[in-house]
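1. Sequence below, structure please.
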Amino acid sequence: MNKLTYLIPVFNAINTLGETYQSLKNQTYKNFSILFVDDGSQDKSLDLLEKIEKSDNRVSIIRNKHQGLVKTLNDGLLHINSDWIIRLDSDDLAYPTRTEYIVKTINKIPPNTALITSDAELINEKGDFQSIIKINPYLAKYFLFTGINPFFHSSVAINKSLIGNNILYRERFKHAEDYDMWIRLLSKYKFKHISKPLIKYRIHQNQVTKNYPYETIKNKYLSLQETSRNYPSGGLFYLFKNLSLLLIKITRKIELKIAQRTVFCNKSISNSFKILEIIVFKIILKLFKFIMFPLNLLFINKVHRLLNTVSKN
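-> Model (predicted):
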């Protein structure tokens, strides 16, 4: 039987932490462990965790001084010895059947599968339903290799028995550390997507992509650029690789300029003109992505076909 552990980083999450734990307590499949890594919370999160730990022998806690999300996640990854690590954030919720579906999937997938992902339900800060986000598993990898993160962090399970401690989150890609992890893993291994929503992902004002759009976009591109250096070079492959990266680089540069301007406008709104300016910039960003993505996809498709050909030879 595969050993499973939920990894949940915690920082000042007292308002949602109890609900998150309850969603794990309600799982239909119960043979798993839970590791909470407290990142120096200054509210009563740790007090609640200690009460939970006393009442549930599956729960353990790592207590840290505040060091940020990347180091907190890596502490958890290094500490856990289970075959599979299931991610969940302290403000998100797991569907009651999530673990059951993951176990069923583990028993069917090939051994070189590094990730299991799923669709997600979006909820607001109060927990009210917003929408269902479905991920196309056939396009997900192509999205990833064009600088778009197709996976919700809380929807992912990581095959630690496959990757060991060799691949960790990297601090230099802060605010895009999950994207960097996925692109490195899927450059080497497979993933399996469960086409059902198995988590409730909470939308709120303190999310990284809202507060740090510039850093997120920049670090995703830098991660993609670094990963691409491992591709074989020479001939048509080299041509397609560089054409693809050129298109992605142009996309990222325009996104960065728009993100910078949007943040500036958000911090200096004084009249309706500036509000309109923000809306216009966001519309331009969406339109540009819509136009550029098919072009990026075309070249990335060629790159991966060539990659598969090279790996078979």
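2. what lines up beside the longest strand seen in the chain in the sheet?
-> Determined from DSSP state E, the single longest strand within the chain is strand 190-202. Applying DSSP bridges, strand 190-202 is found paired with strand 93-94 (antiparallel), strand 113-123 (parallel).
3. In PDB, could you pull the C-alpha coordinates for it?
-> C-alpha atoms of strand 190-202 as PDB (Å, rounded to 0.1, in the frame of the first residue of the first chain):
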ATOM      1  CA  LYS A 190       4.800  12.100 -16.900                       C
ATOM      2  CA  PHE A 191       1.800  13.500 -15.100                       C
ATOM      3  CA  LYS A 192      -1.800  12.200 -14.800                       C
ATOM      4  CA  HIS A 193      -4.800  14.400 -14.600                       C
ATOM      5  CA  ILE A 194      -8.000  13.500 -12.800                       C
ATOM      6  CA  SER A 195     -10.800  15.300 -14.700                       C
ATOM      7  CA  LYS A 196     -12.900  16.000 -11.600                       C
ATOM      8  CA  PRO A 197     -12.700  19.000  -9.200                       C
ATOM      9  CA  LEU A 198     -11.100  17.500  -6.000                       C
ATOM     10  CA  ILE A 199     -10.300  20.800  -4.200                       C
ATOM     11  CA  LYS A 200     -11.900  24.100  -3.400                       C
ATOM     12  CA  TYR A 201      -9.500  26.900  -4.200                       C
ATOM     13  CA  ARG A 202     -10.100  30.100  -2.300                       C
END
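4. which of the residues in it are buried?
-> Buried positions in strand 190-202, judged by neighbour count with 16 or more other Cβ atoms under 10 Å: K190, F191, K192, H193, I194, P197, L198, I199, K200, Y201, R202. In short, each C-beta sits where N, CA and C put it, glycine included.
5. Show the average pLDDT along it.
-> For strand 190-202, mean pLDDT is 96.
6. can you check stretch 11-24 too?
-> Mean predicted confidence for stretch 11-24 is 97.
7. For D180, which residues are in contact?
-> Y169, R170, F173, N219, K220, S223 (Cβ atoms under 8 Å, 6 or more residues apart in numbering).
8. For burial, what's the neighbour tally of K188?
-> K188: 12 surrounding residues under other Cβ atoms under 10 Å.
9. Chain neighbours aside, what residue packs nearest to it?
-> Spatial nearest neighbour of K188, excluding adjacent residues (Cβ to Cβ, 6 or more residues apart in numbering): A114 at 7.4 Å.
10. ok, the one you found - how many residues close by?
-> 22.
11. Touching, it and R184? I think so.
-> No: proximity of A114 to R184 does not meet the contact threshold set by Cβ atoms under 8 Å, at 9.5 Å.
12. Now the two most distant members of the contacts of D180.
-> Y169 and K220 (13.8 Å; Cβ to Cβ).
13. Those two: which has the busier surroundings?
-> It is K220, of Y169 and K220, that has more neighbours when counted by other Cβ under 10 Å, with 24 against 18.
14. Now do the more buried one against D178, distance only.
-> K220 sits 10 Å away from D178, going by Cβ to Cβ, to the nearest Å.
15. Kindly report the same for D56.
-> 27 Å.
16. Those two: which is more packed in?
-> Taking other Cβ under 10 Å, D56 and D178 do not tie; D178 has more neighbours (22 against 14).
17. Skipping its backbone neighbours, what lies nearest that one in space?
-> H153 is the one closest to D178 (Cβ to Cβ, 6+ apart), at 4.6 Å.
18. give me every residue that touches A140.
-> T117, P150, F151, F191, H193.
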